[in-house]
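In: the following block contains a protein sequence and its predicted model.
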Amino acid sequence: MASVNNYEISNVVEEQVQNFFSKLDKDDNGVLTYKECINYWRSQGVQDPEYITNVIFFQYDKNRTKTISESEFRHEVARLRKAIAYYQIRQLNLATFLSKFDKNYDAKITLDELENEFNRVGYQDPKGVARCVFYTLDKNKDGSVTMDEISNHFKRIDEISMGTSEPQQ
């Protein structure tokens with residue numbers, strides 16, 4: 001079994017963070033604005049750039065200034081993957097989500113079913129994305145995700161991003 005070098009992992013993470021942040025921070029001032037974020041997602045062809053921007057700013061803009069400093073971003077970098085995964089799932093249309101992933105038609109999604117679908121559509125890290133999504137959605141920890149769990153989760157994100165609810169602590 002190969003050993004994992006924490007220094008190498010840190011370097012890879014640092015490189016990815018810097019690369020991603022620099023793509024969004026168009027004026028290269030070390031601060032990402034709400035407008036820069038929306039413009040980036042729009043340039044990438046995202047259908048609802050405001051939604052993904054709201055999710056990102058909810059995760060990273062801890063002082064609610066509508067800007068994200070590079071240090072705020074670095075501090076919360078692991079959550080970015082969740083935000084992107086949430087958006088990807090939301091984009092699939094919740095009405096068809098369960099049928100896309102539920103390969104045995106039991107009205108539930110298992111971790112394996114989720115991972116297999118992310119693998120099928122070509123995600124670079126289908127296991128990582130599937131785990132991130134699955135453990136976020138499986139609120140009752142029964143090893144499967146139901147449509148109710150999915151709907152409740154996205155309803156909560158939409159309420160928070162629209163400012164109609166406060167995040168749970």
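Out: Here it is on my side, so go on.

In: which residues in the chain form strands?
Out: 31-33, 67-69 (DSSP state E).

In: buried stuff in the last one?
Out: Of the residues in strand 67-69, those with enough neighbours to count as buried (16 or more other C-beta atoms under 10 Å) are 67, 68, 69. C-beta coordinates here come from the backbone N, C-alpha and C atoms, glycine included.

In: closest to residue 108 among the residues you listed?
Out: Nearest to residue 108 out of the buried residues of strand 67-69 is residue 68 (C-beta to C-beta; 36.4 Å).

In: report pLDDT for the closest one.
Out: As predicted, residue 68 sits at a pLDDT of 88.

In: same thing with the one 4 residues further on?
Out: Model confidence at residue 72, given as pLDDT, is 78.

In: isn't it up against residue 60?
Out: Yes: counting by C-beta atoms under 8 Å, residue 72 touches residue 60, with 5.4 Å between them.

In: which one of these two is surrounded by more residues?
Out: Shown here are residue 72 and residue 60; by other C-beta atoms under 10 Å, residue 60 has more neighbours (21 against 18).
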